[in-house]
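1. need a structure here:
(one chain, ligands or ions: 2)
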Amino acid sequence: MVTPAIRGTIGSMRDHPDLPRLDVAGRRLVRRFGDGVQSWLEELPGHLLVLRERWSIELHGVIEKGSMSVVIRCRTAQGQRAVLKISPDRERIYREMASLAHWSTPHVPTAFRADPAVGALLMEEIEPGTPLQESGTYPALGDLAELLTSFHTHGMPDLAMPSVTDRVVYLFAAWARERHSHPSQVALVSQELFDRGQRLALRLAAEPSPTVLLHGDFTPVNILDGGQGRGLVAIDPCPTLGDPAFDPIDMLFWQAGDVDTISRRAELLAPAIGVEATRLLDWCTAFAGMAAADLEATGQRAEPPSEDRGKRVAAALCLADEAPG
Ligand SMILES: Nc1ncnc2c1ncn2[C@@H]1O[C@H](COP(=O)(O)OP(=O)(O)O)[C@@H](O)[C@H]1O
Ligand SMILES: [Mg+2]
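-> Ligands and ions are numbered 1, 2, ... in the order given. Down below sits the predicted model:
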């Protein structure tokens, strides 16, 4: 709910003569973080004015996408196209900056400047930058493998990063909170199925495996078209240390209308990224209930009911039921 106080804040942001419009992004952040984000929104215009001066950038329009941050197209003094990402979750921006600095590959954007105290990151703009989610194009598995191995083969950072166990705990806790306020999710995925998925995920996370720096949020919204030559580029990492078989989960589910499609993708992708196909599929099984709930919720928000979506939800639920009791 947008309180009158927040409406006032967002209104004043919209009226700032010297900045791009921030009101739509402000409303999105209120929906994501709740009323607690109000003081951050009040300070946002001031931070942007300071960063613009300090980093000698022109601020253009806000990219009205994403969930945790405000992303603004800009241009550097050298004429380079860039984006400025700023978020109330400063810890997440700090980790994003650290992982982008760690990966030396064209498959992630180059970071130019960062201000961890403010939660701001200036990075190269990926062009054309269309997210997979928007183009709806499923990439060749070879391209996906190249993208994944470009992160997974970069050695270990000498930075403390959360483990896959931390990530599993976080994701299931967030889903549990969502289920609490949306009983339809519990009707779709029973508590028993939820528990089985979570147990399997925690077991997989605890098992010995190679440990690499994972992207951690490898979804079709965070994979952009980097144009010919460059190929796919992954943005918005949530860097996590652990099993390389964890990252592909969402891409194995994406647009899959039956379990065979998911297993076939796992079999083709696994050798190309140096993991066991059974392990890839086990990770998918552990997260299948969450994938079903997510598909159902996204569909309810964004599109009219579709037969395709129904099949995808059914496929994910069928896989979820494979988790040991
Ligand atoms: N380096 C970039 N180049 C081009 N577009 C970008 C870049 N970074 C972010 N974007 C755009 O901004 C959107 C939100 O960015 P993202 O980093 O995913 O934010 P959030 O953490 O809020 O999800 C992306 O979906 C993409 O469209
Ligand atoms: Mg994102």
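2. pull out the buried positions in the strand or helix carrying residue 41.
-> Secondary structure assignment for residue 41, by DSSP states H and E: helix 38-54. By neighbour count on 16 or more other CB atoms under 10 Å, the buried set for helix 38-54 is 38, 40, 41, 44, 45, 47, 48, 51, 52. Just so you know, the C-beta spots here come from the backbone N, C-alpha and C atoms, and that holds for glycine as well.
3. residues from the stretch 51-200 of the chain in reach of ligand 2?
-> Counting by CB under 5 Å from the ion, the residues of the stretch 51-200 of the chain close to ligand 2 are residue 66.
4. show me where the stretch 51-200 of the chain has its strands.
-> Secondary structure of the stretch 51-200 of the chain, counting by DSSP state E, counting those that start in this stretch: strands at 57-63, 70-76, 81-86, 111-115, 120-124.
5. format those strands as CSV; extra columns: distance to residue 156, mean neighbour count and mean pLDDT.
-> Shown next, in CSV, are these (distance: least, CB to CB, whole Å; neighbours: other CB atoms under 10 Å; pLDDT from 0 to 100):
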stretch, distance to residue 156, mean neighbour count, mean pLDDT
strand 57-63, 32, 16, 96
strand 70-76, 29, 20, 97
strand 81-86, 25, 21, 98
strand 111-115, 19, 18, 97
strand 120-124, 22, 22, 98
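6. in JSON lines, list those along with distance to residue 26.
-> Shown next, in JSON lines, are the strands of the stretch 51-200 of the chain (distance: least, CB to CB, whole Å):
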{"stretch": "strand 57-63", "distance to residue 26": "10"}
{"stretch": "strand 70-76", "distance to residue 26": "8"}
{"stretch": "strand 81-86", "distance to residue 26": "12"}
{"stretch": "strand 111-115", "distance to residue 26": "20"}
{"stretch": "strand 120-124", "distance to residue 26": "16"}
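7. in JSON lines, list the buried residues of helix 38-54 along with pLDDT and distance to ligand 1.
-> Below are these laid out as JSON lines (pLDDT from 0 to 100; distance: CB to the nearest ligand atom, whole Å):
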{"residue": "38", "pLDDT": "91", "distance to ligand 1": "18"}
{"residue": "40", "pLDDT": "95", "distance to ligand 1": "14"}
{"residue": "41", "pLDDT": "94", "distance to ligand 1": "15"}
{"residue": "44", "pLDDT": "96", "distance to ligand 1": "14"}
{"residue": "45", "pLDDT": "95", "distance to ligand 1": "19"}
{"residue": "47", "pLDDT": "96", "distance to ligand 1": "16"}
{"residue": "48", "pLDDT": "97", "distance to ligand 1": "16"}
{"residue": "51", "pLDDT": "97", "distance to ligand 1": "16"}
{"residue": "52", "pLDDT": "97", "distance to ligand 1": "18"}
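8. up against ligand 1, what does the stretch 151-300 of the chain have?
-> Residues of the stretch 151-300 of the chain found near ligand 1 (CB under 6 Å from any ligand atom) are 221, 222, 235, 236.
9. please redo it, this time with the cut-off set to 5 Å
-> Applying CB under 5 Å from any ligand atom, we find that the stretch 151-300 of the chain lies next to ligand 1 at 235, 236.
10. next: the stretch 1-150 of the chain.
-> Checking the stretch 1-150 of the chain against ligand 1 by CB under 5 Å from any ligand atom, the hits are 63, 65-69, 71, 83, 109, 123, 125-126, 129.
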